[in-house]
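[1] Sequence and predicted structure below; questions after.
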Amino acid sequence: DTGVSQDPRHKITKRGQNVTFRCDPISEHNRLYWYRQTLGQGPEFLTYFQNEAQLEKSRLLSDRFSAERPKGSFSTLEIQRTEQGDSAMYLCAIQLRADTQYFGPGTRLTVL
Amino acid sequence: GQNIDQPTEMTATEGAIVQINCTYQTSGFNGLFWYQQHAGEAPTFLSYNVLDGLEEKGRFSSFLSRSKGYSYLLLKELQMKDSASYLCAVSRPYSGAGSYQLTFGKGTKLSVIP
């Protein structure tokens, strides 16, 4: 148990629909990261929060993507007007000791 | 830029030893991680090297040479459950204190056969 839960675990949607994923660290952690992983690739960094502040955003994060961490605890990642290329595993990670990141179980998104 | 290379696939026999190599060229370096990822699941932390040398943890060991941009993960006494992808990741600091970015390789899919 990494201390991170993600919801939903699986999401199937039609192209053009909006989807929202949630990441819940069990206890308070300052630093929270979002990654995207497609088949045959390693996770790719999307964005990073320190408390409620979004400090880094990858160029992968187009204007259809938005992430929030309103109270510095849970975080949400929203994708608007989904495209088939958005199909991937979306992973949330928290940073514990030193610079070690621990991942939640992920949300697998399928866009039809 | 960031470039991390590791073999795409490897096959080894149950009970044997296997070494998975990783080479990297990155701008900025703090440490190197190895993660294990079973199919359909999230990556799980295996090991972390900051200094040169070998870190041993049970059946798994990880080695780092910073000057050569090289690491390997050594798995001993292979078990069927070790069949998974093994991800090499380089950590480098962000501008914010205490914050780090992980850049992953594509992973090495290890198949353990009887």
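    Happy to help now that I have it.
[2] residues touching the residue of chain B found nearest chain A, list them.
    Relative to chain A, the nearest point of chain B is B:Phe104 (2.9 Å; C-beta to the nearest C-beta). Placement of C-beta: from N, CA and C, glycine included. B:Phe104 sits next to A:Gly42, A:Pro43, A:Glu44, B:Ile4, B:Tyr35, B:Leu87, B:Cys88, B:Ala89 when contact means C-beta atoms under 8 Å, 6 or more residues apart in numbering or on different chains.
[3] Relative to B:Asp82, how far out is the nearest residue to it once chain neighbours are set aside?
    In space, and not counting its chain neighbours, B:Phe104 is closest to A:Gly42: 2.9 Å by C-beta to C-beta, 6 or more residues apart in numbering or on different chains. For A:Gly42, the distance to B:Asp82 equals 19 Å [C-beta to C-beta, to the nearest Å].
[4] Repeat that for B:Gln101.
    The value you get for B:Gln101 to B:Asp82, if C-beta to C-beta is used, is 28 Å.
[5] Same check on A:Glu68?
    Separation of A:Glu68 from B:Asp82 (C-beta to C-beta) stands at 38 Å.
[6] same question, A:Trp34
    Distance of A:Trp34 to B:Asp82, computed by C-beta to C-beta: 29 Å.
[7] Neighbour count for the two, which is higher?
    Each of A:Trp34 and B:Asp82 has its neighbours counted (other C-beta atoms under 10 Å in any protein chain shown); A:Trp34 has more, 27 against 20.
[8] The more buried one reaches A:Glu68, doesn't it?
    No. Assessed by C-beta atoms under 8 Å, A:Trp34 is found out of contact with A:Glu68, at 10.9 Å.
[9] intersection of neighbour lists for these two?
    What both A:Trp34 and A:Glu68 touch, as defined by C-beta under 8 Å, 6+ apart, is the set A:Ser75.
[10] what number of residues lie near the residue in chain A that chain B sits nearest to?
    Residue nearest to chain B within chain A (C-beta to the nearest C-beta): A:Gly42, separated by 2.9 Å. Counted with other C-beta under 10 Å, residues neighbouring A:Gly42 total 22.
[11] Surely it touches B:Gly107?
    Yes. Contact criterion C-beta under 8 Å: A:Gly42 and B:Gly107 qualify, at 5.4 Å.
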